[in-house]
Every structure is written in structure tokens, then in C-alpha cells.
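Visitor: just the structure for this:
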Amino acid sequence: MIALLQRVSSASVSIGGEITGSIGVGTLVLAAVEVGDTEATAAKMVRKISRYRMFSDDNGRMNLSLLDTGGELLLVPQFTLAADTGRGLRPGFSKGASPAEGRLLFDTLVSLAGELGCRVQAGQFGADMQVALVNDGPVTFWLQESPV
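Guide: Modelled structure (predicted):
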């Protein structure tokens, strides 16, 4: 499972011109499910996302997590993160989970994140979405979890 975390001042996701999810200060996560990922992989990723220290403390050091700050979380499915770009000029998608498995595990991510107690918004799996964000910093991290 791959998660691209971005610390944001604000972010939103729209489908067909209608905003379907919006957050203030927090984390925008673009997430991809890979072949072999499981609910355990999703649980491990959610724990990492929520506890990843990417927010500044009183001394300006990145020592605080989303849970520490009470920030908001916007999860957006993005299967293209799982693309194989090693050869040629056209990406391959054999590393990505099937649409059914991807949808199930993305929904699991959203559900598990909600259980953490932070405000969670989400994009729609399989939809053509437009994502807007104000990246704070800019601060962006790539996380990857292997199936457990």
C-alpha cells in the first residue's frame, strides 16, 4: 500500500464540479492499493498516517502527528501511485490491486481512520476527481507498507 501524505492548510476533492470532501488544516493522503495488500496492511498504514510526525511543535520542529494536533484527514484513492514506471514512456498497472480489492481496502482505510477520532473526508473510488490543496511548507512524504 502506498500513501502520499501532504501537510495542508486546506484541501478538497470534487466530482463533477461538486465538492464531496473538504478539510482545513491537516493531511491530504493520496492512497494506492497494491496486489497482495490486506486489511492488516491498511490498518498498519492508517496507524502510520495518523501518527506520522509532520506538524511543527512550539520549537518549529516536526514532532507532532495528525492525532497530536487534532487535524483533519482527506483520503483520496489514486491507483496511479502503484504504476510501474521503470520501462518506456507508458506506465504499467500490474502492481495495482484489482478494482474490487482496491475499493474494499480503500473503504477499509477510511473506516479505520474514522475510528481514530479525527475528522475524515474521502474521495470516491473509481471516480474522476479534481483535488485542490494548499500544501503547507511544502511538506510531502511517501509512505509504503508491504503486506503483513
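
Visitor: pLDDT weak spots in the chain?
Guide: Along the chain, the model assigns pLDDT under 70 to residues 148.

Visitor: which stretches in the protein count as helices?
Guide: Applying DSSP state H to the chain gives helices spanning 39-51, 66-69, 99-115.

Visitor: output the ones you listed in a markdown table, with distance to Leu75 and mean neighbour count appended to each entry.
Guide: C-beta: built from backbone N, CA, C; applies to glycine. Below are those laid out as a markdown table (distance: least, Cβ to Cβ, whole Å; neighbours: other Cβ atoms under 10 Å):
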| stretch | distance to Leu75 | mean neighbour count |
| --- | --- | --- |
| helix 39-51 | 9 | 19 |
| helix 66-69 | 12 | 18 |
| helix 99-115 | 6 | 18 |
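
Visitor: ok, which of the ones you listed comes nearest Trp142?
Guide: Nearest to Trp142, of all the helices of the chain, is helix 39-51, at 11.8 Å by Cβ to Cβ.

Visitor: give me the angle between that closest one and helix 99-115.
Guide: 40 degrees (axes from the mean of the first three to the mean of the last three Cα atoms, to 10 degrees).

Visitor: who does the most centrally placed residue in the chain bridge with?
Guide: In the chain, the centroid-proximal residue (Cα atoms, centre = their mean) is Val29; its distance is 2.3 Å. Beta bridges link Val29 to Leu5, Leu75, judged by DSSP bridges.

Visitor: need the CA coordinates for the longest strand along the chain. CSV is fine.
Guide: What stands out as the longest strand in the chain, according to DSSP state E, is strand 129-144. C-alpha atoms of strand 129-144 as CSV (Å, rounded to 0.1, in the frame of the first residue of the first chain):
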residue,chain,number,x,y,z
MET,A,129,-11.9,13.6,-9.2
GLN,A,130,-10.4,17.0,-9.0
VAL,A,131,-8.2,17.7,-5.9
ALA,A,132,-7.4,21.1,-4.7
LEU,A,133,-4.9,21.8,-1.9
VAL,A,134,-2.7,24.4,-0.3
ASN,A,135,0.4,22.4,0.7
ASP,A,136,1.8,23.8,3.9
GLY,A,137,5.6,24.0,3.8
PRO,A,138,5.6,22.4,1.3
VAL,A,139,5.7,19.1,3.3
THR,A,140,5.1,15.9,1.4
PHE,A,141,6.1,12.3,2.4
TRP,A,142,5.8,9.0,0.5
LEU,A,143,4.9,6.0,2.8
GLN,A,144,4.8,2.4,1.6
